[in-house]
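K.L.:
Let's see this in three dimensions:
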Amino acid sequence: MRTTTAAALTAATLLLGLTACSSSDDTADSKASSKPKPSPTSPSPSPTSAAPMTFGKTVDVRNDEEGTLATVTILGYEQDIKASTTADDEFGTNGYVWATLELKLCSTKGTSGATRYPWALAYTDGSRIEPSGVTYGDFPKPEYPYEAMVKEGDCIRGMTVFAVPGDERPDRVLYTTKLFDTPPEWNVPKA
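P.N.:
As a prediction, this is how the structure comes out:
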């Protein structure tokens, strides 16, 4: 069953303001701009000076304004996920498939906000893809929330879905929250 996300996006926008997460602008290069865009792309923050991390490596997310501390990590990536509706059918594209990114956030101090929207897939050509704004009942479970509050000592884990070019694999995953001057990056393992 398809769930439209107008209400979820409104709520997520409010949460993003609370957690100082970024919104998006299209900043892909000319090659990427020739590709269909099933969802908006993330802003282009400065490249990370350190090498991207491997999946499973955690990053501390400190929000001094809110007095919270959390850790985030990526547990896995899978491409060509089957669902009742294809990514091409959903977005009117050609050659796009569903992919999942498994995420985990743990709150270590205070109550932290969690949302799928600061996450982005980065490709070698400079294009970026944000999570899909739609969900279907047969998408992989558990789903990472559009928004959630995680109390101190608790964790939240789940998968978020992206519509991606089926003939390409992302190079990196970025966590583009405004809480970092340079977003943390993880390498996407080769298939």
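K.L.:
alpha carbons only for contacts and neighbour counts from here, please
P.N.:
Fine.
K.L.:
got a list of what P52 touches?
P.N.:
R172, P184, E185, W186, N187 (Cα atoms under 8 Å, 6 or more residues apart in numbering).
K.L.:
what comes up buried for stretch 91-106?
P.N.:
T93, Y96, V97, W98, A99, T100, L101, E102, L103, K104, L105, C106 (16 or more other Cα atoms under 10 Å).
K.L.:
Could you point out which of the contacts of P52 is nearest to V72?
P.N.:
Comparing those against V72 with Cα to Cα picks out P184 as the nearest, at 10.0 Å.
K.L.:
Wait, the closest one touches K178, no?
P.N.:
No. Between P184 and K178 there is no contact under Cα atoms under 8 Å: 11.1 Å.
K.L.:
Looking at those two now, which is surrounded by more residues?
P.N.:
P184 (24 against 17; other Cα atoms under 10 Å).
K.L.:
E90 looks like it's in a strand, true?
P.N.:
No. Per DSSP: H, G, I helix; E, B strand; the rest coil, E90 lies outside any strand segment and is helix.
K.L.:
middle-most residue in the chain, spatially?
P.N.:
For the chain, W119 is the residue whose C-alpha lies nearest the centre (Cα atoms, centre = their mean; 2.6 Å).
K.L.:
Just want the phi and psi numbers for that one.
P.N.:
phi -90, psi 140 (degrees, to the nearest 10).
K.L.:
what packs against the helix or strand hosting Q79?
P.N.:
Assigned by DSSP states H and E, Q79 falls within strand 68-81. If contacts are counted by 3 or more Cα pairs under 8 Å, 6 or more residues apart in numbering; DSSP states H and E, strand 68-81 sits against strand 59-63, strand 96-109, strand 112-114.
K.L.:
Okay, strands next: where are they in the chain?
P.N.:
Taking DSSP state E as the test, the strands found in the chain are 59-63, 68-81, 96-109, 112-114, 119-122, 128-129, 148-150, 155-165, 172-175, 185-187.
K.L.:
And the pLDDT at the closest residue to T71 other than its chain neighbours?
P.N.:
Nearest residue to T71 in three dimensions, chain neighbours excluded: D60, at 4.5 Å (Cα to Cα, 6 or more residues apart in numbering). D60 carries a pLDDT value of 95.
K.L.:
Enumerate every residue touching D60.
P.N.:
Taking Cα under 8 Å, 6+ apart as the test, what D60 contacts is L69, A70, T71, V72.
K.L.:
Which strand residues bridge the third one?
P.N.:
In this structure, T71 has the following beta-bridge partners (DSSP bridges): D60, C106.
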